[in-house]
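> Provide a 3D model corresponding to the input given below.
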Amino acid sequence: MYPPKRMLRTALLLASAALCPHLPARGAEPAGIEEILPSCLSCHGELGISSMPGVPSLAGQPDGFLQWQMVYFRSKNRKSDVMEPLAASLKDGQIRALGAYFAALAPPRPDQVPDPDPDPALSARGRQLTGTRRCTSCHGDAFDGAKAAARIAGQREDYLYKALTDYRDGRRVGGGVAAMPDAVFGMTSDDLTALAHFLSRFPNP
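Down below sits the predicted model:
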């Protein structure tokens, strides 16, 4: 049973307010990341494009989104056995520098997704769901994200499915006004499979 949406929004707004003093500020001098970066690239890919199952690509993600996720991991508001200990010692300047580094990398290209589409009907279903679930209202018409909203175009299909499922099942709450739990509330696993399939291939070659 999910809590009422108004209660969930209120709780998340309070949690975000508590985090705000720790949000990396713009304009500060970035700290060196030479010692940290190899650990990041070992999982997320040398160019920020992941080839590891279940691990997201970070290349081209919005700087604000990347910074917030690291803050969430550092404060244990987002759970991960791998990321929590890595983020625990990060300074604000390092978070700013890492966000800027990955945001500046070229995102995954459409030609890096296998072609032709093995299931066009599934992609068509996913495209339809992005409209009914208002995905573009936060992630943009090109699904490239902005501010605290992730780039989901070209993200790994397996990771997209896991993230969507975690939001639906309450294992991940997002931030702000709980847009993601609201967006995927009541969706079936088949729906989430279709969304992940379509978005991982967007824009189609």
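> contacts, neighbours, all on C-alpha from now
Fine.
> could you measure from P181 over to D117?
Counting by CA to CA, to the nearest Å, the separation of P181 from D117 is 29 Å.
> between these two, which one's more packed in?
Taking neighbours as other CA atoms under 10 Å, P181 and D117 compare with P181 leading, 25 against 15.
> touching, the more buried one and A163? I think so.
No - using CA atoms under 8 Å as the test, P181 is too far from A163 to be in contact (10.7 Å).
> show me where the chain dips below the pLDDT cut-off.
1-31, 110-115, 175-177, 204-205 (pLDDT under 70).
> outline the domain layout of it.
In terms of domains, the chain is parsed into 20-103, 110-200 (source: automatic domain parsing).
> what about the nearest residue to I49 once chain neighbours are set aside, which helix or strand?
Using CA to CA, 6 or more residues apart in numbering and skipping residues adjacent in sequence, the residue nearest I49 is S57, 4.5 Å away. Here S57, judged by DSSP states H and E, is contained in no helix and no strand.
> shouldn't S57 be in contact with C43?
No - between S57 and C43 there is no contact under CA under 8 Å: 9.2 Å.
> okay, those two: which has more neighbours?
Each of S57 and C43 has its neighbours counted (other CA under 10 Å); S57 has more, 26 against 18.
> contact partners for the more buried one?
Applying CA atoms under 8 Å, 6 or more residues apart in numbering to S57 gives the contacts 44-45, 48-50, 108, 155-156.
> could you count how many residues lie near T193?
21.
> ok, for it, nearest residue in space, not its chain neighbours?
Of all residues not flanking T193 in the chain, Y161 sits nearest, at 6.1 Å (CA to CA, 6+ apart).
> residue contacts, the one you found?
Applying CA under 8 Å, 6+ apart, the residues near Y161 are 192-193, 195-196.
> for the most centrally placed residue in the chain, grab phi and psi.
The centre of the chain sits closest to A150, judged by CA atoms, centre = their mean, with a distance of 4.5 Å. Per-residue torsions, A150: phi -70, psi 150 (degrees, to the nearest 10).
> ok, the one 5 residues further on next?
Dihedral angles phi and psi of Q155 (degrees, to the nearest 10) take the values phi -70, psi 160.
> show me what contacts it?
56-57, 108, 199-200.
> wait, G174 sits on M180?
Yes - using CA under 8 Å, G174 and M180 qualify as a contacting pair, with a distance of 6.5 Å.
> hey, what's in contact with both of the two?
Listed as contacting both G174 and M180 by CA under 8 Å, 6+ apart are Y167.
> helices along the chain, start to end?
5-19, 37-44, 63-74, 83-88, 92-103, 120-132, 136-139, 157-168, 179-184, 189-200 (DSSP state H).
> can I get these in a markdown table with distance to A146?
Shown next, in a markdown table, are these (distance: least, CA to CA, whole Å):
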| stretch | distance to A146 |
| --- | --- |
| helix 5-19 | 18 |
| helix 37-44 | 20 |
| helix 63-74 | 8 |
| helix 83-88 | 22 |
| helix 92-103 | 11 |
| helix 120-132 | 17 |
| helix 136-139 | 7 |
| helix 157-168 | 17 |
| helix 179-184 | 14 |
| helix 189-200 | 16 |
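> the residue nearest to T193 and D191, how far apart?
Y161 is 10 Å from D191, by CA to CA.
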